[in-house]
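Colleague: what follows is a protein structure lacking sequence information:
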């Protein structure tokens, strides 16, 4: 029981006893006054003794409590002085009012009273004064700051050992990689066994020395594939070097007709080793899907890309096209109907490819439809041609009509994009598990993951080229009418800038097949005709172009003026034709209110990487992005990205 309660109880007990004795004395005096008088005298004596005894007890108790208070206060001060963490009391201006000795030792100063918290811990510059914890580094130590804003108290705990242990744990986590010589067959074609062996030995030696330099375990599993095992610390070093092995192997074999290029897939951060291996192979697939000659790294939810400075090598075999065509034929035959979708704001390549796939479905007697809502300026003249054919034009349906047509047995075919967020109606993909993707763009991080058939070839000039090849294998006796053949050839023509960019032997073979089937080049010329107003607007955009890094042209359309995506793209194409311009970017507000960016290059600069950082994608020489905001904000962001790339690895190869 606390002492003050004991004292109070002690006094009350004595008072009660004396009261009882007085009452007894009064009763005795009533019957016998002599006895009552004697009892009263005894009671008074006891009362006097009790008074002095009580006063002495209180004096002793006060002395004891005074000693105890001193001991508690001294003990509290000693505890605060010896606490293994800091305590800071601050005012409303977040300035130190009091602190314990731990803070003095930490900052190596006798007193820090009056010093702002942000001066002690610069990390707090952007931290709000609210309850919670913040980590801050001071010198070589890491501290955990615990805020108690109501009391305006800050606790400082040294968590250096724990932080170092956590960092060591993260550094030593397993990382798995796969290296593949992605064009071995193309490079060694025509070489004899000795030449092939010598070349392969040189490449293998280069890869082995690179692995030894970074202390990576390397195991060759096939003639063109290696497995890598290392830790996350080494992986970060590889990312910092931007996988220089890609450039070293390419430059070492530069005397070959086609230089050897590598594709690398790395993964880290998975909970299970099996999952880690799957991530590594998935990263390799992404690197290959983006055209090879690059590294794809997946760490947890982060996906990063390095390299990709060369165009994808055109594959000389048609085996894959034949295999995909037969698989697509079987899927069409097993489906209830076919629904075909391109990307938002479709261009001629998307519409032409969709018409080609429509033809494939009709060859096997299946009902097929193309999803389209609204006609933008880039396909307006093409759609005028299509409307002349009633049978073809009625195959175009709105997203709402397509939703009504979809069943679990429907086949959804996505053309000219592989991103679910880019298709015209993403909800359609949730209506069926039977999804096919046909695209020629370099693969990005986002992908339609549940597709049962994927035909992505970044070496191809256009999706129309891929679809034209598939049509030649999907049916023995295929006959295209003029509008179908012309639409496919128009898509190839637009994406190759009239066969001047990204064309390979198979591009011309596809065009030759379409021409034999009646494709009308004059009709395509009319589709591509430009009106006077558009030409004047394009000239106005180009007039305000700014030249950066001697070879990069950036044109920003004046705020408030809305232009079609086609005009923005055409302006970028025209800028690329100017002397000494190796890459061009045009930024303008589109008719739908979004900010559109078109990027072009002659191959020395990878504009796909730039546009991916802007939230878009595309090819090494042709890419684009759409974002919200203003053209001025987009221009600032683009210039910052170009500056970052220039400082990291240089804009041009």
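Modeller: That came through, no problem. Bear in mind that the values here come from a model prediction, so they are computed numbers and not experimental data. Residues are numbered from 1 along each chain as shown.

Colleague: give me the pLDDT for residue 357.
Modeller: Confidence at residue 357, expressed as pLDDT, is 96.

Colleague: how far off centre is the helix or strand containing it?
Modeller: Assigned by DSSP states H and E, residue 357 falls within helix 348-363. Relative to its parent chain, helix 348-363 has a centroid offset of 33 Å by CA atoms, centre = their mean, to the nearest Å.

Colleague: can you give me the helices for the stretch 251-400 of the chain?
Modeller: Applying DSSP state H, counting those that start in this stretch to the stretch 251-400 of the chain gives helices spanning 273-289, 319-334, 348-363, 380-387, 390-393, 399-405.

Colleague: quick one: closest of these to residue 132.
Modeller: Residue 132 lies closest to helix 273-289 among those, at 32.8 Å (CB to CB). Yep, even glycine has a C-beta here, placed from its N, CA and C like the rest.

Colleague: where does the stretch 101-250 of the chain have low pLDDT?
Modeller: Residue ranges of the stretch 101-250 of the chain with pLDDT under 70: 126-129.

Colleague: tell me where it has strands.
Modeller: 132-138, 141-148, 153-158, 174-181, 217-222, 225-231 (DSSP state E, counting those that start in this stretch).

Colleague: looking at these, which is buried most?
Modeller: Of all the strands of the stretch 101-250 of the chain, strand 174-181 has the most neighbours on average by mean count of other CB atoms under 10 Å, namely a mean of 22.

Colleague: that one pairs with which strands, parallel or anti?
Modeller: strand 225-231 (antiparallel), strand 262-268 (antiparallel) (DSSP bridges).

Colleague: surely residue 628 touches residue 590?
Modeller: No: here residue 628 does not reach residue 590: they are 11.1 Å apart, not a contact under CB atoms under 8 Å.

Colleague: which parts of the chain belong to which domain?
Modeller: Per automatic domain parsing, the structural domains of the chain span 3-82, 86-167, 181-307, 321-527, 537-648.

Colleague: on that earlier part again, save the helices of the stretch 251-400 of the chain as a markdown table, and put in distance to residue 532 too.
Modeller: Shown next, in a markdown table, are those (distance: least, CB to CB, whole Å):
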| stretch | distance to residue 532 |
| --- | --- |
| helix 273-289 | 42 |
| helix 319-334 | 42 |
| helix 348-363 | 22 |
| helix 380-387 | 15 |
| helix 390-393 | 29 |
| helix 399-405 | 35 |
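
Colleague: could you dump those to CSV with distance to residue 301 and mean neighbour count?
Modeller: Formatted as CSV, those follow (distance: least, CB to CB, whole Å; neighbours: other CB atoms under 10 Å):
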stretch, distance to residue 301, mean neighbour count
helix 273-289, 11, 19
helix 319-334, 31, 16
helix 348-363, 30, 26
helix 380-387, 40, 17
helix 390-393, 44, 12
helix 399-405, 30, 15
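
Colleague: nearest to residue 299, of these?
Modeller: Closest among those, using CB to CB: helix 273-289, at 9.2 Å.

Colleague: which one of the helices of the stretch 251-400 of the chain lies nearest to residue 259?
Modeller: helix 273-289 (16.7 Å).

Colleague: mind giving me the packing neighbours of the closest one?
Modeller: Applying 3 or more CB pairs under 8 Å, 6 or more residues apart in numbering; DSSP states H and E, we find helix 273-289 packed against strand 174-181, strand 262-268, strand 294-299, strand 302-307.

Colleague: between it and strand 225-231, how many degrees?
Modeller: Between helix 273-289 and strand 225-231, the angle comes out at 130 degrees (axes from the mean of the first three to the mean of the last three CA atoms, to 10 degrees).
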